[in-house]
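1. got a predicted structure here, sequence first:
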Amino acid sequence: MESSLLSSHVDLECSFSDLLIKRPVMTEEPLKPNTIRYWTDDEISQLKILYRKGTPFKEMSLILNRTVTAINSKIKQLNLVRCKALSAEQELFLIKNYWLLGTEGCAKKLNRSRSAIVYYARLLNLKIPTRDQYNPPIYRKLLPYDMAKRLSILERKSPTSKDRIEDSVVILYDKYRPSKPMSAFHLDELCLALDRHFGRRDGVTANALLHGYKAV
């Protein structure tokens with residue numbers, strides 16, 4: 001009787017070595033299903049801001065409540081590139097001169113790589129206007145040494161001039177010291193160009209130079 005009861009509960013083919021192996025413990029807890037958590041537009045925008053600021057990955061994971069692996073994968077998917085931050089002066093220089101100097105010129109002036117200038121120009125939404133967008137059209141690449149360093153105004157005292165504005169000629173020089181003039185233009189033409197550029201009636205700038213602010 002006892003032998004039959006023992007044989008029904010004991011596997012006779014089980015060896016002693018099998019008894020030394022720890023059997024897995026069966027739990028009744030159900031396995032949690034793997035759910036995909038999609039990125040929202042707000043999370044992506046916040047990720048871009050944090051990444052460009054240089055926030056560490058662990059800190060970003062705490063802020064966004066995401067794993068470091070998920071953040072790293074999303075950054076690669078978005079093709080985000082992080083460059084050394086520009087100072088306030090460098091950023092202001094880039095905003096003012098990118099349209100004129102271009103990528104190569106700004107990279108040389110700021111001592112930064114070309115890829116860094118391209119990155120921040122895209123970030124600041126800076127673009128180089130085409131030649132036809134200027135009025136009148138000018139060369140796309142106006143190099144720094146093409147800019148005038150000094151100017152003087154010459155009054156010709158011509159008997160045919162109606163006033164001092166029409167009589168004057170602006171002379172540009174490429175050096176601060178006395179040098180050969182690089183170009184010249186009539187002052188009345190400059191005044192008329194300024195009136196039309198700023199949307200004023202013809203003659204406002206010239207009258208302001210001759211009679212003061214009351215003429216405006």
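-> That came through, no problem.
2. going by C-alpha atoms from here, please, whenever you check contacts or count neighbours.
-> Noted.
3. quick one, longest helix in the chain?
-> Taking DSSP state H as the criterion, the chain has its longest helix at helix 88-110.
4. tell me which helix or strand Ser115 sits in.
-> helix 114-123 (DSSP states H and E).
5. and that helix, what does it pack onto?
-> helix 88-110 (3 or more C-alpha pairs under 8 Å, 6 or more residues apart in numbering; DSSP states H and E).
6. the closest residue to His186 other than its chain neighbours: what secondary structure?
-> Nearest residue to His186, sequence neighbours excluded (C-alpha to C-alpha, 6 or more residues apart in numbering): Val169, at 4.5 Å. Val169 falls in the strand class when you classify it by DSSP: H, G, I helix; E, B strand; the rest coil.
7. if you count neighbours, what's buried in the helix holding Ser115?
-> Ala116, Ile117, Val118, Tyr120, Ala121 (16 or more other C-alpha atoms under 10 Å).
8. and for Tyr51, the neighbour number?
-> 18 (other C-alpha atoms under 10 Å).
9. does it touch Arg82 like I think?
-> Yes. Counting by C-alpha atoms under 8 Å, Tyr51 does reach Arg82; the two are 7.0 Å apart.
10. the residue nearest to His186 bridge partners, please.
-> Leu154, His186 (DSSP bridges).
11. what does the pLDDT read for Ala107?
-> We have a pLDDT of 90 for Ala107.
12. ok, it - how many residues close by?
-> 19.
13. what sits against it?
-> Ser113, Arg114, Ile117 (C-alpha atoms under 8 Å, 6 or more residues apart in numbering).
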